[in-house]
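Chemist: quick one: sequence plus predicted model below, questions after.
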Amino acid sequence: MSNPIITCSNSRNLYVLARDILAATKSTAAKLFLDDLPPIQELIENGVNASALPIVAVLDDLGQTVPDTSTLVAAVLNSAQAQDWRQPYEAEDFGADFASRSGWFAIADQNGPLVMTEGLVEIMLLDANLKYPMHSHAPEELYIVLAGDVWWEAEGVPGAPEWRKAGDVIHHPPHCRHALTAGETPALLLALWRGGGFEKPAIG
């Protein structure tokens, strides 16, 4: 029996909430990302099957959120079982532990439930104390921590390394090497790329 098709109304709701969070921040980089996001009425719906990963279970143990991010966190929790959870890395990339204790799902990208031809909007989940090791990619990137906290590392970026908590913005220029480590509780992040489509990041 095939998995259910993702209800695009869920994805549209998440997209609107993601835009709201970007608009609420004081970050100049976040405003630029928001300006580049297509209006929701321009996004085409795509039939995508829901798929689960074991990591989804740790959503019950997420770290602290804040008022600016709590509505999106609640929407993710309510729709988690109806999302197409992905693991873009192989076990040999960062190890089997990372592959089993992290996951992503697209809100909008080239192959997501909402089709966006350039850039992407995703939800990323890291289990407690898990490190997302150093990597880089051509698209510019923005993270907003939704729940929990992360130890952020980035080469050549002011402020790094530093702990970032729910509500904080993290910005990576193109080709910047960076890493994240979740704190004592699982961390949930909104992740956006500006420019390009999905590509597997360069490791190391």
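Modeler: Right, received. Where do you want to start?
Chemist: what distance separates the helix ranked longest in the chain from the centre of its chain?
Modeler: When the chain is parsed with DSSP state H, its longest helix is helix 8-24. Here the centre of helix 8-24 is set off from its chain's centre by 13 Å, with C-alpha atoms, centre = their mean, to the nearest Å.
Chemist: give the buried residues for it.
Modeler: Neighbour-count burial for helix 8-24, counted by 16 or more other C-beta atoms under 10 Å, picks out 8, 10-15, 17-19, 21-22. Heads up, the C-betas are built off the backbone N, CA and C, glycines and all.
Chemist: same deal with stretch 160-169?
Modeler: Applying 16+ other C-beta under 10 Å to stretch 160-169 flags 160, 164-169 as buried.
Chemist: re earlier: and whichever helix or strand comes after the longest helix of the chain, what other elements does it pack with?
Modeler: Next along the chain after helix 8-24, taking DSSP states H and E as the criterion, comes helix 28-36. When contacts are defined as 3 or more C-beta pairs under 8 Å, 6 or more residues apart in numbering; DSSP states H and E, helix 28-36 packs onto helix 8-24, strand 140-147, strand 169-172, strand 187-194.
Chemist: and of the ones you listed, who's closest to D109?
Modeler: Across these, D109 has its closest neighbour in strand 187-194 (8.3 Å, C-beta to C-beta).
Chemist: now do the strands in this structure.
Modeler: Using DSSP state E, the strands of the chain run over 44-45, 85-86, 102-109, 114-115, 120-126, 131-136, 140-147, 149-154, 162-165, 169-172, 178-182, 187-194, 202-203.
Chemist: possible to save those strands as JSON lines with distance to L37 and mean pLDDT?
Modeler: JSON lines is the format used below for the strands of the chain (distance: least, C-beta to C-beta, whole Å; pLDDT from 0 to 100):
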{"stretch": "strand 44-45", "distance to L37": "15", "mean pLDDT": "92"}
{"stretch": "strand 85-86", "distance to L37": "21", "mean pLDDT": "94"}
{"stretch": "strand 102-109", "distance to L37": "8", "mean pLDDT": "96"}
{"stretch": "strand 114-115", "distance to L37": "11", "mean pLDDT": "94"}
{"stretch": "strand 120-126", "distance to L37": "7", "mean pLDDT": "97"}
{"stretch": "strand 131-136", "distance to L37": "23", "mean pLDDT": "95"}
{"stretch": "strand 140-147", "distance to L37": "11", "mean pLDDT": "97"}
{"stretch": "strand 149-154", "distance to L37": "23", "mean pLDDT": "98"}
{"stretch": "strand 162-165", "distance to L37": "22", "mean pLDDT": "98"}
{"stretch": "strand 169-172", "distance to L37": "15", "mean pLDDT": "97"}
{"stretch": "strand 178-182", "distance to L37": "22", "mean pLDDT": "98"}
{"stretch": "strand 187-194", "distance to L37": "8", "mean pLDDT": "97"}
{"stretch": "strand 202-203", "distance to L37": "25", "mean pLDDT": "74"}
